[in-house]
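Enquirer: Turn this into a model:
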Amino acid sequence: MIMTQSETTTTELIKGPAGLLEIKRYASEGLPQQAWGIVCHPHPLFGGSMHNKVVTTIVKAFQQLGVNTITFNFRGVGRSEGVFDQGRGELEDLFAVIDWMQQQQTGLALWLGGFSFGGYIVAKAATQIPVTKLLLVAPPVVNFAMDTLPPILCPFVLAQGERDEVVSAEKVYAWCDAQNPRPEILRFPDAGHFFHGQLVELRQGIVGALGVTEPRP
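Expert: Sure, this is the predicted structure:
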């Protein structure tokens, strides 16, 4: 079932590789695009869930751009079954959600977004499957082996707070410099890891970056 514009959100359980996965679907608010977005949450062992405020900010940006969007809880979080699997099983969870979404409606473009640990998961996914647009927010470039990932070839945007107390902004920028092609970087000088007091600016920055339809020079 695909949501109509009159619907706001739908929460349900779907089959995942380690049991049921809890997902939440959001209807787009802007001019509809032929795309679905999926957003991944931060580290499950440190309170990360699909209800995280940065995750919901990414969802709002996708909605504003006309993209129907799914968030979900990784295994072991909320009503999702299973236990944390160091990123391996969580990537499988994401692929299960993608497969489920594509069964609902085929032929649509895929946008992926992820915050912190979720950024690592979607970046890894983007090296394995076709992705139309990719968004990373404060990805854990040191905590997980992001420097060993194959090249990310799809257009992608990276948002980083320069007062991040969890992920070193300097190391994130160094990782960006090593990418070919290099991502578009959104810098937030006054933002910490969770973008407290900066969520509106984060949403506006994402909309401005991902809303560009023509290739950047």
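
Enquirer: how near is the nearest residue to Asn68 once chain neighbours are set aside to Gly161?
Expert: Take Asn68 and drop its neighbours on the chain: the residue closest to it by C-beta to C-beta, 6 or more residues apart in numbering is Ser28, 5.0 Å away. To be clear about C-beta, it is placed using only N, CA and C from the backbone, and glycine gets the same treatment. Counting by C-beta to C-beta, to the nearest Å, the gap from Ser28 to Gly161 is 27 Å.

Enquirer: Could you do Met50 as well?
Expert: With the distance defined as C-beta to C-beta, Met50 ends up 21 Å from Gly161.

Enquirer: So for these two, which sits in the more crowded spot?
Expert: Neighbours per residue (other C-beta atoms under 10 Å) separate Met50 from Gly161, with Gly161 holding more: 26 against 23.

Enquirer: show me the contacts for the closest residue to that one other than its chain neighbours.
Expert: Closest residue to Gly161 apart from its sequence neighbours, by C-beta to C-beta, 6+ apart: Ala191 at 3.0 Å. Neighbouring residues of Ala191 by C-beta atoms under 8 Å, 6 or more residues apart in numbering: Gly161, Glu162, Arg163, Asp164, Gly197, Gln198, Glu201, Leu202.

Enquirer: what's the pLDDT at Ala191?
Expert: Predicted confidence (pLDDT) for Ala191: 98.

Enquirer: Kindly report the same for Gln105.
Expert: Model confidence at Gln105, given as pLDDT, is 86.

Enquirer: Next, count neighbours for it.
Expert: Neighbours of Gln105 (other C-beta under 10 Å): 12.
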